[in-house]
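K.L.:
no letters, just coordinates:
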């Protein structure tokens, strides 16, 4: 279980949205690179970065901010938002991004995802953002007719490293993860699933450490960290204890 702190970029600043609404952006930092460095200092093993403007535009829009983050931290970074061409994938990987998250293009151009996963094994993830059970695209501005499970199954044999699953209704509103939907997706595919959207408290962290969630690869937290609702030290210690316990119990 990896806990990913989220850095969502809008106009070069670190923000959090409410249910994906760009009009409801709350600015938490004018220096995303400094925020990334803080997360690294707190002990997080990965960063989850999203170019929100890029997700709407269909191309990178916060490249300078991402470059600064990559130059500031040594921990792995997974990046999504506006990545719909192979040259964009190649460019970000060359700059030091560890894993690329492809969202809209996974619905519109699955062959692109397959080719990217073939060329860059272990470095391509699919972002599945669901609204009322249907996958949303273009920065969540539009909803497709495809369900999360249907989309996940399309990439079972593609070599995708992970699925980042977000329940849009929960995102940014601090109501807790949608555990039933997340586990349903994780049970429907063999691809590791990372939960996102709504993680709000240390109780939510303990919930994803319960045995029924053992198959999840990780969870993403954003606003709860910025608001101080989750203490990084406490959350990471809880995860470490469970990991040690499971390793000790393994044959």
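P.N.:
Nice, thanks for sending it over. Quantities reported herein were computed from a predicted structural model and do not represent experimental measurements. Numbers count the residues shown, from 1 in each chain.

K.L.:
for the protein, give me the ranges with low pLDDT.
P.N.:
Applying pLDDT under 70 to the chain flags the ranges 19-20, 139-141, 171-174.

K.L.:
tell me what the lengthiest helix in it is packed against?
P.N.:
Secondary structure of the chain per DSSP state H: the longest helix is helix 232-249. On a contact count with 3 or more C-beta pairs under 8 Å, 6 or more residues apart in numbering; DSSP states H and E, helix 232-249 meets strand 2-10, helix 202-208. From N, CA and C alone the C-beta is placed, and that goes for glycine too.

K.L.:
need the winner for burial among those.
P.N.:
Across the helices and strands packed on helix 232-249, averaging neighbours per residue (mean count of other C-beta atoms under 10 Å) puts strand 2-10 on top, at a mean of 24.

K.L.:
name the next helix or strand downstream of that one, please.
P.N.:
Note on strand 2-10: by DSSP states H and E, the next helix or strand toward the C-terminus is strand 13-18.

K.L.:
quick one: that next one to strand 2-10, angle?
P.N.:
100 degrees (axes from the mean of the first three to the mean of the last three C-alpha atoms, to 10 degrees).

K.L.:
ok, strand 13-18: who's next to it in the sheet?
P.N.:
Partners of strand 13-18 in the sheet, by DSSP bridges, are strand 2-10 (antiparallel), strand 21-29 (antiparallel).

K.L.:
right, and these - which one's nearest residue 249?
P.N.:
The closest of the strands paired with strand 13-18 to residue 249 is strand 2-10. By C-beta to C-beta, the value is 19.6 Å.

K.L.:
give me the distance between that closest one and the centre of its chain.
P.N.:
Computed by C-alpha atoms, centre = their mean, to the nearest Å, the separation of strand 2-10 from the middle of its chain amounts to 7 Å.

K.L.:
of all the strands paired with strand 13-18, which lies closest to residue 119?
P.N.:
Among the strands paired with strand 13-18, strand 2-10 comes nearest to residue 119, with 24.3 Å by C-beta to C-beta.

K.L.:
and the angle from the closest one to helix 232-249?
P.N.:
Relative orientation of strand 2-10 versus helix 232-249 (the same axes, to 10 degrees): 140 degrees.

K.L.:
make 337 the starting number, not 1.
P.N.:
Sure, I'll start counting at 337 from here, so that last one is strand 338-346.

K.L.:
just to revisit the earlier point, distance to residue 583 added to the strands paired with strand 349-354, as JSON lines?
P.N.:
Listed next are the strands paired with strand 349-354 as JSON lines, based on distance: least, C-beta to C-beta, whole Å:
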{"stretch": "strand 338-346", "distance to residue 583": "15"}
{"stretch": "strand 357-365", "distance to residue 583": "35"}
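
K.L.:
that concludes my questions; thank you for your assistance.
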